[in-house]
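> A predicted structure for the sequence below; I have some questions about it.
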Amino acid sequence: MTAPTEFVTRFAPSPTGRLHLGHAYSALLAYRRAEHEGGRFILRIEDIDRSRSRPEFDAGILEDLAWLGLAWEAPVRRQSAHMGDFRAALDRLEADGLLYPCFCTRREIADEIAASGNAPHGPDGARYPGICRRLSADEREERMASGAAYALRLDMARAVAAGGASLTWRDERAGDITADPESFGDVVLARKDTPTSYHLAVTVDDALQGVTHVIRGEDLFHATHIHVLLQALLGVAMPVYHHHALIYDESGRRFAKRDRSATLAACREAGMTPAEVTAKLGL
Ligand code: GLU
C-alpha cells in the first residue's frame, strides 16, 4: 500500500501594499482547500523587491489574514532571507550553460526593438531581442570586469532543448496545458537590482517547501509556462496548478493595491465582519 500523498498549498503575497479583496479570495480558496484535503497551508512572504517591500505591509498581511480567520505554519518563509537558495539554483543553470549576463538598459532594449521593426511579442510584451546573447566570451568578461551591472537571462532556446520540448502541466480549471515558454523569450532570472526574480524565487520556494498544489489567480496563468520549464531544468517536482478566476469590483475592474477602499483594513474599519467579507466574495 502506498501512503496517500500529502496536500500542501500556499498563499504567497508580496508586501508592497495592504491586502485587498482579491487577495482575500485567493488566500481563502487555498486555505479552505487545504482544510478540505486534510493538508497543509503555508504563508510565504515574497519580498525580493527591496525597493517596494515594506515591513508595515508585511505586518499588515499577517494581521489581515488572522482577522479573516486563517492560520498558517511557523516560521513564515520570507524570500529575502533565502537568497542563497536562489543563488544555488542560478549556479546549477549556469553550470548547464543556460544563463548569460545581460548589460542592457531598458532604453537600449527599446531602441533595438524599435530599430528592428517587427519585434515578436510574448505574454510579457516585446521579447528581448538577444543583444547580449550575441556577445563573445571576451566581451562578456571585459564588461563584467569593468564592474558594469548585469542581469542574468535564461537562454530560452537552449533551456527548452534541455528541459524537454513537450512539457505539460495540469491545471485543475483549464485542463492539461502544453508549456510554451519560448513565447516569453530570454526571461530575466536574476535582476540587476536583486540577485533573483519572481519566476526563479517562486519556483525554487514552491519546490523547497514541498508545495503540491499552487492555487493563485489566473493573472499568473502565463507565468506557469516558465515555472514548469524551470522545474524541469532544476530537477524538482511539478505541482498541480489551479488558476482561479479573478474577482472584480462593482465597476468591473480588478481589485488593485491602489484601491484603498477595497483593502481588508478598510473593510474592517468600516465595520464589516470576516463573515461579511467572505459572503461578499461569494465563498
Ligand atoms: N507574490 C506574487 C504576488 O503577490 C504571487 C506569487 C504566486 O502566487 O505565484 O502577486
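Noted; the coordinates are in hand.
> In the stretch 151-283 of the chain, which residue sits closest to the ligand?
Arg216 (3.7 Å; C-beta to the nearest ligand atom). Where you see a C-beta, it was placed from the backbone N, CA and C, and this is true even at glycine.
> elements contacting the helix or strand hosting that residue?
Arg216 belongs to strand 213-217 when elements are defined using DSSP states H and E. Under the contact definition 3 or more C-beta pairs under 8 Å, 6 or more residues apart in numbering; DSSP states H and E, strand 213-217 sits against strand 8-11, helix 21-37, strand 240-244.
> now, of those, which is deepest in the fold?
strand 8-11 (a mean of 24; mean count of other C-beta atoms under 10 Å).
> is that one anywhere near the ligand?
No. Judged by C-beta under 6 Å from any ligand atom, strand 8-11 stays clear of the ligand, getting no closer than 7.4 Å.
> Leaving out the residues flanking it, which one is nearest to Phe57?
Using C-beta to C-beta, 6 or more residues apart in numbering and skipping the chain neighbours, the partner closest in space to Phe57 is Pro15 (3.9 Å).
> Give me the phi and psi angles of that neighbour.
When read as degrees, to the nearest 10, the backbone of Pro15 gives phi -80, psi 60.
> Show me where the protein has its helices.
21-37, 55-68, 83-95, 106-116, 137-145, 156-163, 198-208, 223-234, 264-269, 274-280 (DSSP state H).
> ok, and what's touching the fourth one?
When you say that, I think you mean helix 106-116. Here helix 106-116 makes contact (C-beta atoms under 8 Å, 6 or more residues apart in numbering) with Ala119, Ala126, Tyr128, Pro129, Ile131.
> Could I get the pLDDT score of Gly164?
According to the prediction, Gly164 has pLDDT 78.
> measure the residue nearest to it when sequence neighbours are not counted to Leu154 for me?
The shortest distance from Gly164 to any non-neighbouring residue, by C-beta to C-beta, 6+ apart, is to Ala232 (5.6 Å). If you measure Ala232 against Leu154 using C-beta to C-beta, to the nearest Å, the figure is 12 Å.
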